[in-house]
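> just a sequence and a predicted model for now, questions to come.
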Amino acid sequence: MQGKRWSRRGFTLIELLVVIAIIAVLAAILFPVFAQAREKARQSSCLSNLRQLGLAVTMYAGDYELYPLMSSPSSQSPRRRWPDYVYPYLRNGQLLRCPSGDASVLNKTLADAPQVVYGGYGLNYQYLGNSRFPWAASEAEIAAPAQTVALADTAGVNGGGAGSYTVDPPLSSTRGSGKPSGFYGDGAECGGLWGCRAVPAARHQQQITVGFLDGHAKALNLAALDDLDGNGQLDNGWWNGHADAARR
């Protein structure tokens with residue numbers, strides 16, 4: 001009996017091009033979805049970090065009766081910043097790093113634990129603890145802890161470097177440094193769009209993760225964070241400890 005003969009035919013060039021085109025289309029559709037899912041996971045991680053950091057800042061204030069300074073005076077060596085002060089309440093250096101931060105903000109190490117790199121989260125130093133004034137708030141001075149920023153994603157001054165561990169309200173603060181632009185002087189020495197303001201960073205799908213003094217955290221866009229009463233005018237309501245849009 002004569003056996004059957006099977007014909008084996010390869011793909012034509014047209015067929016291969018069609019398959020490649022389909023794969024490319026699917027990749028173009030799926031890659032943004034994967035990127036969004038990854039960023040959503042990072043945002044969840046940031047929210048968890050900021051909940052714990054907010055509680056650590058509050059515990060520090062309970063023990064010392066003042067909120068931590070953004071940093072010790074420049075004359076002190078080693079110079080300690082707010083992460084150094086709250087680290088004993090954490091004992092987990094990963095909580096001090098925003099998972100979406102880059103090298104421009106992940107650029108500091110703890111004074112007493114140099115193996116711990118931190119950055120990406122800024123302290124509301126204008127209303128909590130400013131070493132340039134110098135001045136630190138007590139818990140009694142914070143009337144609305146649930147509506148007071150403790151820490152938030154920060155881009156630092158002009159996108160990194162200076163001020164990468166601080167974050168500024170939209171308007172100058174007479175209670176903090178009293179400087180028109182925030183972190184340094186009058187802003188002229190920094191240049192750039194925002195002068196010397198340590199700007200909140202909308203790293204997570206155009207949202208900023210914010211930790212509050214009562215220990216909760218949530219994501220806000222910059223317009224909402226800079227406008228407590230939602231009237232379209234910049235105010236320091238989320239920052240000043242009183243949830244008062246008129247208070248500077």
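Thanks, I have it. Residues are numbered from 1 along each chain as shown.

> what packs against the lengthiest helix in the chain?
Assignment by DSSP state H gives helix 13-64 as the longest helix of the chain. Helix 13-64 is packed against helix 82-86, strand 121-123, strand 149-157, strand 208-212, strand 217-220, with contacts defined by 3 or more Cβ pairs under 8 Å, 6 or more residues apart in numbering; DSSP states H and E. Backbone N, C-alpha and C define where each C-beta goes, glycine included.

> which non-adjacent residue is nearest the residue most central in space within the chain?
Centre of the chain computed as the mean C-alpha position; nearest residue by Cα atoms, centre = their mean is Asp153, 1.0 Å away. In this structure, Asp153 finds its nearest non-sequential neighbour in Ala201, 4.3 Å apart by Cβ to Cβ, 6 or more residues apart in numbering.

> ok, now how distant is the residue nearest to Leu213 when sequence neighbours are not counted from Ser100?
If the residues on either side of it in the chain are set aside, Leu213 comes closest to Pro145, at 3.8 Å by Cβ to Cβ, 6+ apart. Computed with Cβ to Cβ, to the nearest Å, the distance linking Pro145 and Ser100 is 26 Å.

> sorry, back to before: contacting residues for the residue nearest to Asp153?
105, 120, 153-155, 208 (Cβ atoms under 8 Å, 6 or more residues apart in numbering).

> make it 6 Å
Counting by Cβ atoms under 6 Å, 6 or more residues apart in numbering, Ala201 touches 153-155.

> kindly report the same for Gln76.
Residues near Gln76 by Cβ under 6 Å, 6+ apart: none.

> how far away is it from Ala111?
In terms of Cβ to Cβ, Gln76 sits 9 Å off from Ala111.

> picking up where we left off before, most packed of the helices and strands packed on helix 13-64?
strand 121-123 (a mean of 29; mean count of other Cβ atoms under 10 Å).

> next structured bit after that strand?
strand 129-130 (DSSP states H and E).

> quick one: average pLDDT of that next one?
Per-residue pLDDT over strand 129-130 has a mean of 85.

> direction included, what does it pair up with?
If you go by DSSP bridges, strand 129-130 pairs up with strand 135-136 (antiparallel).

> so what's the gap between the strand it pairs with and the chain middle?
22 Å (Cα atoms, centre = their mean, to the nearest Å).

> next: stretch 228-235.
With Cα atoms, centre = their mean, you get 21 Å for stretch 228-235.

> check which residues of it are buried.
228, 235 (16 or more other Cβ atoms under 10 Å).

> what does that stretch contact?
By Cβ under 6 Å, 6+ apart, stretch 228-235 touches 170-171, 226-227, 237-238, 245.

> how much space between Asp226 and Gly237?
Taking Cβ to Cβ, one finds Asp226 at 9 Å from Gly237.

> okay, these two: which has more neighbours?
Using other Cβ atoms under 10 Å as the criterion, Asp226 and Gly237 rank with Gly237 on top: 23 against 19.

> and the residue nearest to the more buried one when sequence neighbours are not counted, what pLDDT?
Leaving aside its sequence neighbours, Gly237 sits nearest to Leu228 (Cβ to Cβ, 6+ apart; 2.6 Å). Per-residue pLDDT puts Leu228 at 95.

> hang on, Leu228 in a strand?
No: membership of Leu228 in a strand is not supported by DSSP: H, G, I helix; E, B strand; the rest coil, which gives coil.

> how close does it get to Arg203?
Distance from Leu228 to Arg203, by Cβ to Cβ: 22 Å.
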